[in-house]
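Colleague: what's the 3D shape of this:
(2 chains)
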Amino acid sequence: MSVLKVENIHKSFDKTQVLKGIDFSLQKGEVLAIIGASGSGKTTLLRCLNFLETPQKGKIIVNDKVLFDADDKKLQSDEQIRKNRLHFGLVFQSFNLFPQYNVLKNIMLAEELLAKEQIKAVGEYNGCTDFKEAQEKIEQKAKDLLNKVGLSEKMDFYPYQLSGGQQQRVAIARALALNPHVLCFDEPTSALDPELTGEVLKVIKGLKSSDSTMVIVTHEIEFARDVADKVIFMADGVIVEEGTPQQVIENPQNERTQAFLSRFNQKF
Amino acid sequence: MSFWQISLKLLEGFGQNCFIFIVTLLASLPLGLVIAFGSMSKFKPLCWLTRAFVWVIRGTPLMLQLFVVFYVPGLVFGMPFQSRMSAALVAFIINYAAYFSEIYRGGINSIPKGQYEAGQVLGMTKSQIFFKVILFQVIKRIIPPIGNEIITLVKDTSLARAIAVPEILMMSYEFAAEGLIWPLFYTGAFFLIFSGGLTLLLGYVEKKLNYYRG
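Modeller: Residues are numbered from 1 along each chain as shown, chains lettered A, B, ... in the order given. Sure thing, here's the model as predicted:
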């Protein structure tokens, strides 16, 4: 059973067609790397998955449940979209931490709000009928996540007090807090100084396990080869080539993939 | 009349200024946010209507607005205001809400889109995003321009004299009419002390909000 299935996604802004029919699927625990030149539609695809953009055509299916169908307006209410988003997590290129909250609160905030809402609506959240009790659990989980990204000692810091790499690691912990089925990364190291990319990539690699499914848009070809189970090369809004890292990165069959990758190799 | 008697008389007048100041602030700060939402509305007629309203209010003298609010209900609808003070309050609240709305709008628009999107992908509702993520950042950014308006309001309260609210300048004029001119200049001290205190308070708030950056 595939965790994520994307069918025939089309997206255009005004007259510009950015995605021209994207199909792929992911098994549980798989890591997908999406590579391609700027403007090829990678980021737009990721934003569609997180419902920050609404495709004009296509379907998004998670665990065999149709979350989005461009032809079904009922699935596009604010309330539905909000629920859909909980299936996905997104780590932004520019971190987007909340500057007025400390690291711990950044991770806890969304789940706290959700818990408060659920307790009010249905009387319980995650087995807790009392908000204080739920909050303790949420806090413990946030601390565990911080430990996982190696930032336990920065719990009380504010985002401006952290380096870019540390901020991005907090953002990763924040995205994990609501246990998304699919965790997406939008060029997670593009805004970082070169010496800081390593720590972030290491954390992402550390997340790889049998039950965390990830979609990573990246320009780090080496990293993609290293961590991905599946690679997609995109150009001009279509998937040009897809397969294992060995197939796509080491033995690209398509001319455009070859041209793209050779430009990368010539970088130095 | 002794210096103390005159001081007390002027202080009585300044009480009116303070009353206008406080009521105007308490009402126009929240009302300004409502107007700001109107002028940012995706529903175009509402957006145009509020922007036209803001244009009229910001584009005409506050003194003229005081006259209009005070005289028009009586002249046109036969329902004059019960008191001059309430007419003054209505005019001040409307005028300041219009100015505050533009400050709010600017502040809200200055928050990066990524903050909204971060909230969205974490499954927050629109109102949770606004109240838990955006608003506080807006407040921090708009404290300096809001402070400016607040200081201006202190002094603008003396415009209420135009519709004969017995505020401090009107009081001092009564002395001047009797040939005593110095109380007129003395009123400046009241404004200076009041705005000085406010400046300190605003500085304190700004400092408090400096615990984070961004």
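
Colleague: Any part of stretch A:211-225 near chain B?
Modeller: No. With CB under 8 Å from any CB of the partner chain as the threshold, stretch A:211-225 lies outside contact range of chain B, at a closest distance of 13.1 Å. For every residue, glycine as well, the C-beta is placed using N, CA and C.

Colleague: Show me which parts of that stretch are buried, residue by residue.
Modeller: Buried residues in stretch A:211-225, counted by 16 or more other CB atoms under 10 Å in any protein chain shown: A:S212, A:T213, A:M214, A:V215, A:I216, A:V217, A:T218, A:E220, A:I221, A:F223, A:A224, A:R225.

Colleague: Tell me if A:L183 really is in a strand.
Modeller: Yes. A:L183: assigned to a strand according to DSSP: H, G, I helix; E, B strand; the rest coil.

Colleague: Quick check: beta-bridge partners of it?
Modeller: Here A:L183 sits in beta bridges with A:G89, A:M214, as judged by DSSP bridges.

Colleague: list the contacts for it?
Modeller: With CB atoms under 8 Å, 6 or more residues apart in numbering or on different chains as the criterion, the residues that contact A:L183 are A:F88, A:G89, A:L90, A:V91, A:A175, A:L176, A:L207, A:S212, A:T213, A:M214, A:V215.

Colleague: Near chain A, which residues of chain B? Just list them.
Modeller: Applying CB under 8 Å from any CB, one finds that chain B approaches chain A through B:112, B:114-115, B:117-126, B:128, B:132-133, B:136-137, B:140, B:211-214.

Colleague: which of those are buried?
Modeller: Applying 16+ other CB under 10 Å to the residues of chain B next to chain A, the neighbour count classes B:115, B:117-125, B:128, B:132-133, B:136-137, B:140, B:212 as buried.

Colleague: ok, residue 198 - how many residues close by?
Modeller: Unless you meant another one, I'm taking chain A. By other CB atoms under 10 Å in any protein chain shown, the residues close to A:G198 number 13.

Colleague: wrong one, I was asking about chain B
Modeller: When neighbours are defined as other CB under 10 Å, B:L198 has 16 of them.

Colleague: do A:Q168 as well
Modeller: 29.

Colleague: helix or strand for the residue lying closest to it once chain neighbours are set aside, which one?
Modeller: The shortest distance from A:Q168 to any residue that is not its chain neighbour, by CB to CB, 6 or more residues apart in numbering or on different chains, is 4.9 Å, and that residue is A:V200. Taking DSSP states H and E as the definition, one finds A:V200 inside helix A:194-207.

Colleague: so what's the backbone phi/psi at residue 181?
Modeller: In the absence of a named chain, this looks at chain A. Dihedral pair for A:H181: phi -70, psi -40, per degrees, to the nearest 10.

Colleague: um, chain B though
Modeller: Torsion angles, degrees, to the nearest 10, at B:I181: phi -90, psi -30.

Colleague: who's in contact with it?
Modeller: Neighbour list for B:I181: B:F175 [criterion: CB under 8 Å, 6+ apart].

Colleague: low pLDDT regions in chain B?
Modeller: For chain B, no stretch is flagged by pLDDT under 70.

Colleague: Relative to A:L90, how far out is the residue nearest the centre of chain B?
Modeller: The structure's chain B has its C-alpha centroid closest to B:Y96; by CA atoms, centre = their mean the separation is 3.9 Å. Distance check for B:Y96 against A:L90: by CB to CB, to the nearest Å, it reads 41 Å.

Colleague: just to revisit the earlier point, which of the buried residues of stretch A:211-225 lies closest to A:V62?
Modeller: Proximity of the buried residues of stretch A:211-225 to A:V62 was ranked by CB to CB; the top entry is A:T213 with 9.7 Å.

Colleague: Wait, the closest one touches A:V182, no?
Modeller: Yes. Using CB atoms under 8 Å as the test, A:T213 is close enough to A:V182 to be in contact (4.9 Å).

Colleague: who touches both of these two?
Modeller: Shared between the contact lists of A:T213 and A:V182 (criterion: CB under 8 Å, 6+ apart) are residues A:V3, A:L4, A:L26.

Colleague: Show the contacting residues for B:F92.
Modeller: For B:F92, the set of contacting residues under the criterion of CB under 8 Å, 6+ apart consists of B:I20, B:V23, B:T24, B:S28, B:L62, B:L153, B:D156, B:T157, B:A160.

Colleague: Which of the three states applies to A:K11?
Modeller: Under three-state DSSP, the three-state class of A:K11 is strand.

Colleague: what bridges to it?
Modeller: Each beta-bridge partner of A:K11 is listed here, defined by DSSP bridges: A:L19.

Colleague: How many residues are close by it?
Modeller: Using other CB under 10 Å, the number of residues around A:K11 comes to 23.

Colleague: could you check the distance from it over to chain B?
Modeller: From A:K11 over to chain B the distance is 16 Å, taken as CB to the nearest CB, to the nearest Å.

Colleague: Where does A:I34 sit, in terms of helix or strand?
Modeller: In this structure, A:I34 is located in strand A:31-36 according to DSSP H and E.

Colleague: which stretch of helix or strand covers whatever residue of the stretch 101-250 of chain A ends up closest to chain B?
Modeller: Of all residues in the stretch 101-250 of chain A, A:A110 sits closest to chain B, with a separation of 3.6 Å (CB to the nearest CB). Secondary structure assignment for A:A110, by DSSP H and E: helix A:103-122.

Colleague: Does that helix pack against any helices or strands, and if so which?
Modeller: Packing contacts for helix A:103-122, counted by 3 or more CB pairs under 8 Å, 6 or more residues apart in numbering or on different chains; DSSP states H and E, involve helix A:131-148, helix A:164-176.

Colleague: so of those helices, which one's packed in deepest?
Modeller: The highest mean neighbour count among the helices and strands packed on helix A:103-122, using mean count of other CB atoms under 10 Å in any protein chain shown, belongs to helix A:164-176: a mean of 25.

Colleague: Quick one: residues in contact with that one.
Modeller: Residues external to helix A:164-176 that are found in contact with it (CB under 8 Å, 6+ apart): A:89-92, A:95-97, A:103, A:106-107, A:110, A:142, A:145-146, A:148-151, A:154, A:159, A:162, A:183, A:188-189, A:191-193, A:196-197, A:199-200, A:203-204, A:207, B:121-122.

Colleague: how close does the residue nearest the centre of chain A get to B:L198?
Modeller: If you average the C-alpha coordinates of chain A and look for the closest C-alpha using CA atoms, centre = their mean, you land on A:C184, 1.1 Å from that point. The gap separating A:C184 from B:L198 is 48 Å, by CB to CB.

Colleague: try B:V138
Modeller: 21 Å.

Colleague: before we move on, back to that, let me have the contacts of A:L183 in JSON lines, adding pLDDT as columns.
Modeller: Listed next are these as JSON lines, based on pLDDT from 0 to 100:
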{"residue": "A:F88", "pLDDT": "95"}
{"residue": "A:G89", "pLDDT": "95"}
{"residue": "A:L90", "pLDDT": "96"}
{"residue": "A:V91", "pLDDT": "96"}
{"residue": "A:A175", "pLDDT": "95"}
{"residue": "A:L176", "pLDDT": "94"}
{"residue": "A:L207", "pLDDT": "90"}
{"residue": "A:S212", "pLDDT": "85"}
{"residue": "A:T213", "pLDDT": "94"}
{"residue": "A:M214", "pLDDT": "95"}
{"residue": "A:V215", "pLDDT": "96"}
